[in-house]
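Visitor: Show me how the following folds:
(one chain, ligands or ions: 1)
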Amino acid sequence: MLYINKKTIEAVAEPGEMIKTVENAFIAFGKGEYVMPARFGFEHHGKTVLYMPCFTPDIFGAKTLTIVPENRLKGLPSIDGFVILNHGETGEPLALLDAKSITAWRTGATGALAAKYLSHKNADSLGIVGCGVQGFHQILCICAIRSIKKINLYDIADTGDFADRLKAHCPGAAIERCGKIEELVEKSNIVVTATFSEDPVLPDDPALLRGKCYIAVGSYKPHVRELPDSVFKLAADVYVDLMHACEESGDLISPLNSGLIKKDQIKLLHSLIESPRTIESGETTVFKTVGMALNDIFASRYFYNKALEKGCGINLEL
Ligand SMILES: NC(=O)c1ccc[n+]([C@@H]2O[C@H](COP(=O)([O-])OP(=O)(O)OC[C@H]3O[C@@H](n4cnc5c(N)ncnc54)[C@H](O)[C@@H]3O)[C@@H](O)[C@H]2O)c1
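Guide: Presented below is the predicted three-dimensional model:
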């Protein structure tokens, strides 16, 4: 069995390939070529464990993830865990992979697909609310989809060397930390929220919010919201990766319960991949992701094949 750690994943990952891999996962999703239960989540004293198994026709596996938001204060990742990738015929474990990197890359690629299908083709400014692990990988992937000239950052905490690390990956873009969230929204065509905030992180101001593409990554619990009501008043439809998002995320539960949006306005991202449409200038669009195990399996297979091809990873004798 091959052990593929964070260092290996970060060394071999190519954003364009990752996006293609996750796009293929969404296409497989559209064709029903998977078996995937609603993920099992269990919380105790603010710490969460998620168990996410999935079968595809030729390979299967499961991701086990821990989520401990306060870890950040200790300099540790908020999200951690492993993916086990199994042989499709025998179930033999093929690889044990670092789940924090798999999650970050497949979520970044999912955000980039949302940007590809829901942002205006000339969108060239990106705003990131929450400069953590997800925020970083959202930028790497979205910059592989759109010609981003300006990256605007906003966070409530000190983000350390985030902007400096970014510069090495996005040399063509100007990077600015915004003092106010209003400033970030105003300056960005695409806005990604990737925080642990329980209350909307964007101002509830329709004039400010109109005409942008919103990609909401953070909320994964019913009482947690990142998007304000106005986003749902402005967007004709709300795209999701999984319909399960309607039961899991406060970003959808709240506007559905208050009648701001109706269930038939919630659409799956794969439908746009199959039948893309033109995004008009001035249009407001929104995508909410909760993350799906099928993407983890496709991403893990990509990194497994890549590690085999490059002769990296560590062989573990079982
Ligand atoms: N949708 C998915 O598939 C998916 C995948 C992975 C993680 N997530 C979620 O994304 C969120 C971020 O995860 P991460 O791994 O990047 O965590 P992280 O701890 O690395 O980063 C979170 C960042 O958000 C900032 N933040 C918190 N509240 C804020 C606020 N109100 N305004 C601005 N910034 C704020 C923090 O200071 C931190 O820098 C979590 O809620 C996580 O559960 C979603």
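Visitor: what residues does the protein put near the ligand?
Guide: 67, 72, 78-79, 103, 107, 129-135, 154-157, 159, 194-197, 201, 217-218, 220, 289-291 (C-beta under 6 Å from any ligand atom). (C-beta placed from N, C-alpha, C; glycine too.)
Visitor: let's go with 5 Å and repeat that
Guide: 72, 78-79, 103, 107, 130-134, 155-157, 194-197, 201, 217-218, 220, 289, 291 (C-beta under 5 Å from any ligand atom).
Visitor: which among those end up buried?
Guide: Neighbour counting by 16 or more other C-beta atoms under 10 Å classes 78-79, 103, 107, 130-134, 155, 194-197, 201, 217-218, 220, 289, 291 among the residues of the chain next to the ligand as buried.
Visitor: can you tell me which of the residues you listed are in helices?
Guide: 103, 107, 133, 134 (DSSP state H).
Visitor: buried set for the strand or helix carrying residue 54?
Guide: Counting by DSSP states H and E, the element that carries residue 54 is strand 47-55. By 16+ other C-beta under 10 Å, the buried positions in strand 47-55 come out as 48, 50, 52, 53, 54, 55.
Visitor: Now render those residues as a markdown table, adding pLDDT.
Guide: Shown next, in a markdown table, are these (pLDDT from 0 to 100):
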| residue | pLDDT |
| --- | --- |
| 48 | 96 |
| 50 | 96 |
| 52 | 98 |
| 53 | 98 |
| 54 | 98 |
| 55 | 98 |
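Visitor: For the stretch 101-250 of the chain, give the residue positioned nearest to the ligand.
Guide: Relative to the ligand, the nearest point of the stretch 101-250 of the chain is residue 132 (1.7 Å; C-beta to the nearest ligand atom).
Visitor: pretty sure that residue is in contact with residue 69, am I right?
Guide: No: the criterion here is C-beta atoms under 8 Å, and residue 132 misses it with residue 69 at 9.8 Å.
Visitor: who touches both of these two?
Guide: Listed contacts common to residue 132 and residue 69 are residue 78; contacts here mean C-beta atoms under 8 Å, 6 or more residues apart in numbering.
Visitor: Residue 272: which of the buried residues of strand 47-55 is nearest?
Guide: residue 54 (21.8 Å; C-beta to C-beta).
Visitor: And for the nearest residue to that closest one once chain neighbours are set aside, the neighbour number?
Guide: The shortest distance from residue 54 to any non-neighbouring residue, by C-beta to C-beta, 6 or more residues apart in numbering, is to residue 293 (3.7 Å). Close neighbours of residue 293, defined as other C-beta atoms under 10 Å, add up to 26.
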